[in-house]
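1. what shape does this take:
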Amino acid sequence: MGEAVTSIGMRAEALISELGISAPDEIDIEAIAIDSGVEVQYARLNGCEASLVGFEDRAIATINPSAVRGRERFSIAHEIGHWHLHRGRSFQCRVDDADLNLVSDRVVEKEADTFAAHLLMPRPIFLPLVNQVGKPNFKQLGELSARFKTSLMATALRLVNMNTLPAIVASYTKDGRRWSLPAADIPKRWFMKWELDEDSLTYDLLHRGTEVRYLGKTPADAWFQNDDADRYEVLEQSVISKAGEALVLLYLEPKMMDAGFDWNVARRYNEHGSYVPKGRRR
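-> Numbers count the residues shown, from 1 in each chain. Modelled structure (predicted):
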C-alpha cells in the first residue's frame, strides 16, 4: 500500500513538474484540469459534492459550488485524480471534507484523495515552506493553507503524510475518536485512546470551550493507552473543525520514536486471564 501511495503521489507531482509550476500561487487547478482533458463546470448537486463523466480522452467534472474555495479546489483535484487513475469509470464523490474518506473503505476514493493532496500541495513546493517553520501549529498551518488555497484539514493531513515530522492528526468529539492519522514512521506500538482524557487540552476545548492558540505540553498518557506513556510528553493543539468536533495536532517527543515494542497495549483478557484475540467478544 505504501508503494502504491508513493506512486500515486509521484504521478500527481509529475503533472506539476511538467507544467513548470514552482510556487503555490501557480497551482491553477482549473488550468491543470483542462491540460488533463477535464472540463470543470459548477452546478448544484444532490447527494454528492462532485461527479465525473468521461468518454475516450475527455471528461467533465461537475463541482458543487461552495463558499469555501479550498473545498472546491480539492474536489476538482480529486476528480482529476480519478481521471488519471481510474479512467473508464464514472464517479459521484463526497469530497467536501478531506477527512471523509479516512473513515471509508473505498480504495479508489482514498487514492483520488492522495492524488489531490499531492497535486495541490506538491512536496517540492510544500516541504521547504514547512521546514522554514519547524513544527507548525494550527496558526502556521492556516497560513500555509491560505498560500496553497487548501482547507486547514487538507493541509494538516498533508503535513502528516509527508512523514518528515513525528506528527499525528486526529478528529475527536465529546463521544471519542472519529479517526487518527499518524506519520508513517511513528512506531506502531503507540495506541491512541478512544475516549478524550480530562488531562488533554482538547477535552477543555470541547467541554469548556477553552481555546489554546499554541502548541502546549501534555502528558503522553492523556493520549496513549500504553502503560509507559506517563514517561513522556507530547505537544498538543486542537481547533474546532466543525460543530462539536475538534481537529487535533500532536507531536511526539524524540524519545517516543525510539521506544521498544509494547506487547501488552491494546491486548484484552477475559475473566480467566486468557488473551482475547481482536474481533472476539470476551
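2. next one: residue 48, what pLDDT does it get?
-> pLDDT for residue 48: 78.
3. ok, residue 184 next?
-> Looking at residue 184, the pLDDT reads 96.
4. any idea how far residue 76 is from it?
-> Using C-beta to C-beta, to the nearest Å, we find residue 184 at a distance of 27 Å from residue 76. For every residue, glycine as well, the C-beta is placed using N, CA and C.
5. mind checking which of these two has more residues around it?
-> Of the pair residue 184 and residue 76, residue 76 is the one with more neighbours under other C-beta atoms under 10 Å, namely 24 against 11.
6. quick check: closest non-adjacent residue to that one.
-> Excluding its sequence neighbours, the residue lying closest to residue 76 (C-beta to C-beta, 6 or more residues apart in numbering) is residue 29, at 4.9 Å.
7. pull the contacting residues for that neighbour.
-> By C-beta atoms under 8 Å, 6 or more residues apart in numbering, the contact set of residue 29 is 73, 76, 77, 80, 119, 120.
8. most neighbours, which of those?
-> In terms of neighbour count, residue 120 stands highest of the contacts of residue 29 at 29 neighbours, by other C-beta under 10 Å.
9. hang on, it packs against residue 154?
-> Yes - using C-beta atoms under 8 Å, residue 120 is in contact with residue 154, at 7.2 Å.
10. okay, and the common contacts of those two?
-> By C-beta under 8 Å, 6+ apart, the residues touching both residue 120 and residue 154 are residue 74.
11. can you show me the helices along the stretch 1-150 of the chain?
-> According to DSSP state H, counting those that start in this stretch, the stretch 1-150 of the chain carries its helices in the segments 2-18, 29-35, 69-85, 107-120, 123-133, 138-148.
12. again, but for the stretch 151-282 of the chain
-> Secondary structure of the stretch 151-282 of the chain by DSSP H, counting those that start in this stretch: the helices cover 152-161, 201-208, 254-257.
13. could those go into JSON lines alongside distance to residue 66, mean pLDDT and mean neighbour count?
-> JSON lines is the format used below for the helices of the stretch 151-282 of the chain (distance: least, C-beta to C-beta, whole Å; pLDDT from 0 to 100; neighbours: other C-beta atoms under 10 Å):
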{"stretch": "helix 152-161", "distance to residue 66": "13", "mean pLDDT": "96", "mean neighbour count": "24"}
{"stretch": "helix 201-208", "distance to residue 66": "26", "mean pLDDT": "97", "mean neighbour count": "17"}
{"stretch": "helix 254-257", "distance to residue 66": "38", "mean pLDDT": "96", "mean neighbour count": "14"}
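14. between the ones you listed, which one is nearest to residue 175?
-> In terms of C-beta to C-beta, the element of those nearest to residue 175 is helix 201-208, at 9.8 Å.
15. return the list of helices and strands in contact with the closest one.
-> When contacts are defined as 3 or more C-beta pairs under 8 Å, 6 or more residues apart in numbering; DSSP states H and E, helix 201-208 packs onto strand 167-173, strand 233-242, strand 245-252.
16. again, 7 Å this time
-> Contact here means 3 or more C-beta pairs under 7 Å, 6 or more residues apart in numbering; DSSP states H and E; on that basis helix 201-208 packs against strand 233-242, strand 245-252.
17. so which of those strands gets nearest residue 45?
-> Short answer: strand 233-242, nearest of these by C-beta to C-beta, at 20.1 Å.
18. ok, residues contacting the closest one?
-> Here strand 233-242 makes contact (C-beta atoms under 7 Å, 6 or more residues apart in numbering) with 135, 137-138, 153, 171, 200-202, 205, 212, 214-220, 223, 246-253.
19. narrow these to those that are buried.
-> Taking 16 or more other C-beta atoms under 10 Å as the criterion, what is buried in the contacts of strand 233-242 is 137-138, 153, 171, 200-202, 205, 212, 215, 218-220, 223, 246-252.
20. any idea how far residue 33 is from the most centrally placed residue in the chain?
-> By C-alpha atoms, centre = their mean, the chain has its centre lying nearest to residue 157, at 2.7 Å. Residue 157 is 22 Å from residue 33, where distance means C-beta to C-beta.
21. with residue 144 instead?
-> Remark: distance between residue 144 and residue 33 (C-beta to C-beta) = 23 Å.
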